[in-house]
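Q: Any chance you could fold what I've pasted below:
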Amino acid sequence: MSSAAGAVAALRSTTAIRERAGQLLARARAGESSHFAVDDAALASAARTVAELTRQRFPDLRIPYHSRWRHFEAGQVDRVARLDALLGPVDAAERARTQIDLALVSVLLDAGAGAAWRYHEADSGQDFSRSEGLGVASFHAFTAGLFSSDRAQPLRVDAAGLAALTAEALGAAFQVGEGNPLVGLEGRTAVLRRLGLAMREHASTYGPLGRPGALFDALRGPTVEAHHILTALLDTLSGIWPAQNAIGGIAVGDCWPHPAVPGAGLTAGWMPFHKLSQWLTYSLLEPFEWAGVPVTGLDALTGLPEYRNGGLLIDAGVLRPLPADHATRQWKAGDEFIVEWRALTVALLDELAPQVRAALGLAPQQLPLACVLEGGTWAAGRLLAQRLRGGLPPLNIVSDGTVF
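A: All right, here's what the predicted structure looks like:
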């Protein structure tokens, strides 16, 4: 790739993610990594753990997608029905636009919350933490109109509303205080403000208001491909992520240097993930489908390289960290060790999924990767972390609220 724009475009493909992650996995299996050893025998045991937990959680094996909408169901509260009631008699397209508005801001707020933060939901009287807490808190912030510039239209996200957002207002909505700290509050606020700017810059996609829900109109047809949703998000929103990762001045987002990653031209040495963008894509599947637009090509998306899926592989013994201080050191998202861990997670999830399907007697069409994750690997990662460390992940990663 000779041009920066061409290199960045190549790195926005899940094909590039899979190819490069697979190359790092082959290297680790050959004993050439200084960061990880791979125990292939443990992969079958990990698959059994995932399959058993999937059967426990979903005895009828009707497994939903791994998406933000599962967190909106926390505490057995049907918040989708609450949103429908608040919306009233709108058509399917407007309902989808509103659901996309909610999902997009909620996902961008869904980096690690930290172990100390909690959210108390007055309506249900329940307390929530971590991803569920962030989901519930963002739901209520959305329905209260925090992200809309029009008080008469609170159930909306628009560029002007995001431009006016402050860390103080977001912190108040998330009940942040001296005794209830939320990791990366300033970073989350900055991402949402940059989201507003990016949507203004891409009015052909997000409309004159700069509204996430306009994606529905930009992409809908008889069907829509999952990777087309991801590409639209990456092409229009990559600039919202911290700009230290760039090629020729073009922000590449969740894409990090690793010296062992091969590639042509300017793509050499870059390992892409686009985790939050893929998590967002997973979370937009249902708004399209609920509106009668089937989403095809689900398995073009990769598994999500975050601390639950990656933690499962460490805690199940599939990945053995080699640095003696791996469990006590404070890692950063750009550290070579963390980049490699995430890459190995992507590649191994692709190998784990067929074994989970076989254990459950399901075909790929019945259990796409989006459902394996939900069944699944994310929940198993959380379960093992709870057993081993009271819920803490196996690695201590310093978060700014934009990657983890």
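Q: Distance of the residue nearest to Q126 when sequence neighbours are not counted relative to G375?
A: Excluding its sequence neighbours, the residue lying closest to Q126 (C-beta to C-beta, 6 or more residues apart in numbering) is G75, at 4.5 Å. Where you see a C-beta, it was placed from the backbone N, CA and C, and this is true even at glycine. Between G75 and G375 the computed distance is 20 Å (C-beta to C-beta, to the nearest Å).
Q: ok, now A251?
A: Distance, A251 to G375, by C-beta to C-beta: 34 Å.
Q: R188 too?
A: On the measure of C-beta to C-beta, R188 and G375 end up 29 Å apart.
Q: circling back: which one's more surrounded, A251 and G375?
A: Each of A251 and G375 has its neighbours counted (other C-beta atoms under 10 Å); G375 has more, 27 against 17.
Q: List the contacts of the closest residue to that one other than its chain neighbours.
A: Setting aside the residues directly before and after it, G375 is nearest to T54 in space (C-beta to C-beta, 6+ apart), at 3.4 Å. Contact analysis of T54 by C-beta atoms under 8 Å, 6 or more residues apart in numbering lists L61, I63, V356, L360, G375, G376, A379.
Q: partner strands of the helix or strand bottoming out on mean pLDDT in the chain, parallel or antiparallel?
A: Lowest by mean pLDDT, DSSP states H and E among the helices and strands of the chain is strand 250-251, with a mean of 86. Using DSSP bridges, strand 250-251 pairs in its sheet with strand 246-247 (antiparallel).
Q: mind listing what the residue nearest to Q126 touches?
A: With contact taken as C-beta under 8 Å, 6+ apart, G75 is in contact with E121, S124, Q126, F128, E132, V136.
Q: mind checking how far A111 is from W117?
A: According to C-beta to C-beta, A111 and W117 sit 12 Å apart.
Q: Common neighbours of those two, please.
A: V183.
Q: could the contacts of T54 go into CSV alongside pLDDT?
A: Shown next, in CSV, are the contacts of T54 (pLDDT from 0 to 100):
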residue, pLDDT
L61, 96
I63, 96
V356, 98
L360, 97
G375, 94
G376, 92
A379, 94
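Q: quick one: L197 and R357, what's the gap?
A: 42 Å.
Q: Repeat that for Q126.
A: 34 Å.
Q: Please apply the same query to Q365.
A: Q365 is 10 Å from R357, where distance means C-beta to C-beta.
Q: Show the pLDDT at the residue nearest the centre of the chain.
A: For the chain, the residue sitting closest to the mean C-alpha position, by C-alpha atoms, centre = their mean, is W279 at 2.9 Å. As predicted, W279 sits at a pLDDT of 91.
Q: Only the buried residues of the strand or helix carrying it, if you could.
A: Here W279 sits within helix 275-290, counting by DSSP states H and E. Of the residues in helix 275-290, 275-288 count as buried by neighbour count, 16 or more other C-beta atoms under 10 Å.
Q: now these as a markdown table including distance to R97?
A: What follows is these, written out as a markdown table (distance: C-beta to C-beta, whole Å):
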| residue | distance to R97 |
| --- | --- |
| K275 | 25 |
| L276 | 21 |
| S277 | 19 |
| Q278 | 21 |
| W279 | 20 |
| L280 | 15 |
| T281 | 17 |
| Y282 | 18 |
| S283 | 15 |
| L284 | 11 |
| L285 | 15 |
| E286 | 14 |
| P287 | 8 |
| F288 | 11 |
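Q: what's the span of stretch 75-83 from first residue to last?
A: Across stretch 75-83, the terminal residues are separated by 16 Å (C-alpha to C-alpha, to the nearest Å).
Q: Just list the residues touching E52, thanks.
A: Per C-beta under 8 Å, 6+ apart, neighbours of E52: none.
Q: chain center to the helix holding W279, what's the gap?
A: Chain-centre distance of helix 275-290: 9 Å, with C-alpha atoms, centre = their mean, to the nearest Å.
Q: Cool, thanks, talk later.
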